[in-house]
Each structure stands twice: as C-alpha cells, then as structure tokens.
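1. Build me a model from this:
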Amino acid sequence: MSIDAKKYPELAKMDDAQPTSQVIGEFLDWLSENGMLVGKHIVPEGWTTEAFLPISEGTEALLARYFGIDLNAVERERRQVLAEFNQLQAASVAA
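-> Predicted structure coming up:
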C-alpha cells in the first residue's frame with residue numbers, strides 16, 4: 001500500500017524508514033535482552049570524571065528521533081486516516 005506523502009507526510013516517512021528501523025529496533029531489543037544499555041557519557045556539574053547515563057527513551061522514540069519522525073504528527077495522521085475510513089464506511093452503508 002502506498003501512502004500519500006503530501007497528505008500524510010509523517011506516515012509516509014515512517015513507512016519509508018520501516019525496513020531499516022525494523023533491523024535497528026531488533027538490535028536495540030537484543031541489547032536490552034542481553035543486559036546492555038544505550039547511554040551517553042556526561043560530565044556532571046562539579047565532577048572531574050565522566051559518568052554513564054542510560055538513555056530513558058524507548059525504542060520507538062529513539063527510532064523516530066533518528067529518522068526525523070514526529071510521533072505526535074504520526075498520531076494525528078493516523079486519527080485522520082481512521083476518521084476518513086469511518087466516513088467512507090458510513091457513506092457506503094447509507095448508499
């Protein structure tokens with residue numbers, strides 16, 4: 001199924017990213033299942049050494065950020081698709 005990128009730009013972007021994001025997501029899940037964390041090194045204020053800070057974002061949020069996808073816009077577009085589908089259903093039942 002092809003998504004109208006002009007009408008639903010974020011859904012189209014998500015659809016385009018799906019094959020690659022699937023692989024990355026599976027790797028992130030594997031890391032978690034094997035007791036590993038994704039994090040970043042920081043130097044907290046007043047410290048002289050680095051600390052490791054685990055990333056608190058979930059896999060979906062990390063992937064969306066990596067691919068430049070606005071998850072709030074995705075949700076709005078999904079709701080719009082559903083509303084349009086419901087309107088078409090109602091119109092076909094009335095006809």
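2. surely Ile42 meets Ala51?
-> Yes. Assessed by C-beta atoms under 8 Å, Ile42 is found in contact with Ala51 at 5.7 Å. Quick note: C-beta positions are derived from backbone N, CA and C, even for glycine.
3. what residues are up against Ala51?
-> 41-44 (C-beta atoms under 8 Å, 6 or more residues apart in numbering).
4. Dump the residues you listed to JSON lines, plus secondary structure and distance to Trp30.
-> Compiled in JSON lines, the contacts of Ala51 are given as follows (DSSP: H, G, I helix; E, B strand; the rest coil; distance: C-beta to C-beta, whole Å):
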{"residue": "His41", "secondary structure": "strand", "distance to Trp30": "22"}
{"residue": "Ile42", "secondary structure": "strand", "distance to Trp30": "25"}
{"residue": "Val43", "secondary structure": "coil", "distance to Trp30": "29"}
{"residue": "Pro44", "secondary structure": "coil", "distance to Trp30": "30"}
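5. would a markdown table of those residues with neighbour count and distance to Arg78 be doable?
-> A markdown table is the format used below for the contacts of Ala51 (neighbours: other C-beta atoms under 10 Å; distance: C-beta to C-beta, whole Å):
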| residue | neighbour count | distance to Arg78 |
| --- | --- | --- |
| His41 | 9 | 36 |
| Ile42 | 11 | 35 |
| Val43 | 10 | 41 |
| Pro44 | 10 | 39 |
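6. Now that we have those residues, can you turn them into JSON lines and tack on pLDDT?
-> JSON lines is the format used below for those (pLDDT from 0 to 100):
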{"residue": "His41", "pLDDT": "91"}
{"residue": "Ile42", "pLDDT": "92"}
{"residue": "Val43", "pLDDT": "91"}
{"residue": "Pro44", "pLDDT": "88"}
